[in-house]
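Student: Based on what follows, work out the 3D shape:
(chains A and B)
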Amino acid sequence: MAIEPRKPPPQFVAKLQRALGGRAGWGGFVVQILFVAVLAWIAYEIVANARANLQAQRITAGFGFLANTAGFDVSQNLIPYSGSDTYTRVFLVGLLNTLLVSVIGIFFATVIGFIVALGRLSPNWLLARIAGGYVELVRNLPPLFQILFWYLAVLAALPNPRQSISIFGSFFLSNRGLVIPKPIGNPGFEPFVIATVIAIVAAIALWRYSRRALFESGRVIKVWPYALGLLIGLPLLTALIFGAPVSFEVPVLKGFNFAGGSRVIPEFVALTLALSTYTAAFIAEIVRAGIQSVHKGQMEAGSSLGLQRGSVLRLIVIPQAMRVILPPLTNQYLNLTKNSSLAVAIGYPDLVSVFAGTTLSQTGQAIEIIGITMGVYLLISLITSAIMSFYGWRLGRSLAP
Amino acid sequence: MKRVSLVVTLAIAAGLSAQAASAQTLKTVKDRGMLSCGVSQGLPGFSSPDDKGNWTGLDVDVCRAIAAAVFNDATKVKFVPLSAKDRFTALQSGEIDVLSRNTTWTLSRDTSLGANFTGVTYYDGQGFLVKKSLKVNSALELNSASVCVQTGTTTEQNLADYFKGNNMKYEVIAFGTADETVKAYESGRCDVFTSDVSQLYAERLKLANPADHAVLPEVISKEPLGPMVRHGDDQWFDIVKWTLFAMINAEELGVTQKNVDEMAKSDKPDLKRAFGTDGNLGEQLGLTKDWVSRIVKAVGNYGESFDRNVGAGSKLGIARGLNQLWNKGGIQYAPPIR
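Tutor: Next up, the predicted model:
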């Protein structure tokens, strides 16, 4: 008796049919293909038509402008930049400025948001009311208004450079920003960095060892004195052998401004303050909702184990609340990043300001530049959500029974 | 259902391709009954609204003159306030028919934006405004200064060129609109505010104490300001170009808002040509024979408009300088109407 070849299970075809054509089956599949074809045709028409119109009006098109010289300067650049660099470089400078303000803004927004949420849930009446008042005040005012408030009302009230507030004669605060001594690497810099990295790795290894010992055999090993000794001792030792790792260039008032030193521009400070306090108000409500979504019994169970309120929150409630908090928290991170484009109002050189602003008006290539800028924001947002989804996935795995 | 969506698709595609046909701007303007004119967001002397919302200024007068020539009614203009960085996109997309917004004529703007400059309404140059308390007398003393500029202008590049050329360091802070820029300058964020000199005088009027601020003597660039129209419609290009030329020629011929009716009866050949009593030059443009008298009745000749808006008769009090007629020591010169 011949063995029948194995056929795919009958559900397979049905499944494929459903996936491609929905409930309508193969007929639905044909309609979908037609629909995609029509969409593609419309997209082609739009592009071809725009191209024809641009050519007819003799408007320069294409991405060749990216290699042209920009010819203007930017007040804050994380990578070396001068007016004789290309528009591509301007794009990178703007992108990095946007990322800088977003990352730092997200960090502070999260920290402030968690603190305010915990304050709002605190049994302390006054603290809860202050936190509640903060949320209601800040989240109900438009973000642009808050940015202008920090910039024009708070930071502009600082004295001019000649009367700047000096801290230890090396930090200077004025309406031109905060000037700080600039570290300059000495020959001892590299060994110092290597020693620090080794110390950090060793400290982490010690900590993991002690945790494993705690979970596996219940032994409590005190490692922090060793870790601290490593973290301070090792870099100090290399500094003694190779000499000081860095020296500092102290800023000096010269002419209109400070020469030397590094500077944090007030536009950056105002934007970061405004965005992080504004977003923090929303995050606080999200965190509060998340914590309150965890059943009260969990809190009581923790207390009955003899844990303190802080430990119950940290070890039992917040890990469970994170599942509820995470998706709306991602939204807030995305909002903060997108709101950073309000920077142009106060002259912070973000992507929208230097690229979709100055570069656009100098080259006049609106379609290309707006397209690139939109693509970049989309990419930043997708990467942010991917990171948050990954974190959520890990969290879900660790919470799974 | 399917058929409906296909029809809609076809309609959208047809609409998109219809845009491709070159626009007949004069016809569009006449059909609309209104000229759409891009102006600044409020620059005294050039284009700014008064407390009743009426726009006045030298740039505004150019648009009013075009409306007068087309409709015989200088009020048939819709003014669209635009920031420096939005202005070209508004012109390219057809939102406005003419851009009359203190815009500097440069080669790259003429070639790559799909638009043409039609002439020069004001010969300007870039300068610096500083607080008198800084005791700076020359732009060459501005090493290490912080400079406020409006983004999307030729100013940013001139500034970079000037400081680089003189081996000076500076910090630039660029803002989206003129108001934000002036606000930051006033708050002390910058030592210097740089822009076209005419604009410096205009913006100085908005400061709390105009007398505390001075314009430095250096003029670091050439900034010929003029109106712009889209490529692809030569008739409209001619109309906008010759409207300004008509204003300049009127001044040269001694035609003013007051004596225009009298002058129209003149027997002098050049006046007869201009007023259309001899020949049909206006009709060749697509306008009427009396186009010049319509324009002068509405806004006056170039000199009158200059005096009223930016010159001796205005708060700005800027001298004619380069903008004087060619036969009186300036460089304003219009080809003859013949």
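Student: I'd like to know how many residues surround residue 196.
Tutor: Defaulting to chain A. The tally of other residues near A:Thr196 (other Cβ atoms under 10 Å in any protein chain shown) stands at 15. Every residue, glycine included, has its C-beta placed from N, CA and C.
Student: my bad, chain B
Tutor: 25.
Student: what residue ranges in the chain are flagged as low confidence?
Tutor: This is for chain A. A:1-2, A:5, A:7-10, A:21-24, A:399-401 (pLDDT under 70).
Student: You answered for a different chain; I wanted chain B.
Tutor: Residue ranges of chain B with pLDDT under 70: B:1-23.
Student: Tell me which residues touch the residue of the stretch 51-200 of chain A found nearest chain B, please.
Tutor: Residue nearest to chain B within the stretch 51-200 of chain A (Cβ to the nearest Cβ): A:Ile59, separated by 3.2 Å. For A:Ile59, the contacting residues are A:Gly364, B:Gln92, B:Ser112, B:Leu113, B:Gly114, B:His231, by Cβ atoms under 8 Å, 6 or more residues apart in numbering or on different chains.
Student: got a markdown table for these, with distance to A:Ala202 and neighbour count too?
Tutor: Putting these into a markdown table (distance: Cβ to Cβ, whole Å; neighbours: other Cβ atoms under 10 Å in any protein chain shown) gives the following:
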| residue | distance to A:Ala202 | neighbour count |
| --- | --- | --- |
| A:Gly364 | 57 | 22 |
| B:Gln92 | 62 | 22 |
| B:Ser112 | 59 | 19 |
| B:Leu113 | 62 | 28 |
| B:Gly114 | 64 | 21 |
| B:His231 | 69 | 17 |
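Student: how about the residues you listed, which pair is most distant?
Tutor: Greatest spacing in the contacts of A:Ile59, by Cβ to Cβ: A:Gly364 and B:His231 (12.1 Å).
Student: export the contacts of A:Ile59 to a markdown table and tack on distance to A:Ala205 and secondary structure?
Tutor: Shown next, in a markdown table, are the contacts of A:Ile59 (distance: Cβ to Cβ, whole Å; DSSP: H, G, I helix; E, B strand; the rest coil):
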| residue | distance to A:Ala205 | secondary structure |
| --- | --- | --- |
| A:Gly364 | 58 | coil |
| B:Gln92 | 62 | helix |
| B:Ser112 | 60 | helix |
| B:Leu113 | 62 | strand |
| B:Gly114 | 64 | coil |
| B:His231 | 69 | coil |
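Student: closest to B:Tyr122 among those residues?
Tutor: Nearest to B:Tyr122 out of those is B:Leu113 (Cβ to Cβ; 19.9 Å).
Student: The closest one and chain A, how far apart?
Tutor: Using Cβ to the nearest Cβ, to the nearest Å, one gets 4 Å for the distance from B:Leu113 to chain A.
Student: Any idea what that residue is bridged to?
Tutor: A:Ile59 (DSSP bridges).
Student: where's it relative to B:Phe88, distance?
Tutor: 5 Å (Cβ to Cβ, to the nearest Å).
Student: just A:Ile370 next, same as before
Tutor: From A:Ile370 to B:Phe88 the distance is 13 Å (Cβ to Cβ).
Student: Secondary structure element holding A:Arg263?
Tutor: strand A:262-264 (DSSP states H and E).
Student: Listing partners with orientation, what would you give for that strand?
Tutor: With DSSP bridges as the test, strand A:262-264 pairs up with strand A:177-180 (antiparallel).
Student: After the partner strand, heading C-terminal, what element do we hit next?
Tutor: The C-terminal neighbour of strand A:177-180 among helices and strands, as given by DSSP H and E, is strand A:182-185.
Student: Can you show me the CA trace of that next one as CSV?
Tutor: Taking Å, rounded to 0.1, in the frame of the first residue of the first chain, the C-alpha atoms of strand A:182-185 are listed here in CSV:
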residue,chain,number,x,y,z
LYS,A,182,35.3,73.4,29.8
PRO,A,183,37.1,70.1,30.5
ILE,A,184,40.2,69.5,28.3
GLY,A,185,41.7,66.0,28.1
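Student: so what secondary structure elements neighbour the helix or strand just after it?
Tutor: Later in the chain than strand A:182-185, the nearest helix or strand by DSSP H and E is helix A:189-217. Here helix A:189-217 touches helix A:224-242, going by 3 or more Cβ pairs under 8 Å, 6 or more residues apart in numbering or on different chains; DSSP states H and E.
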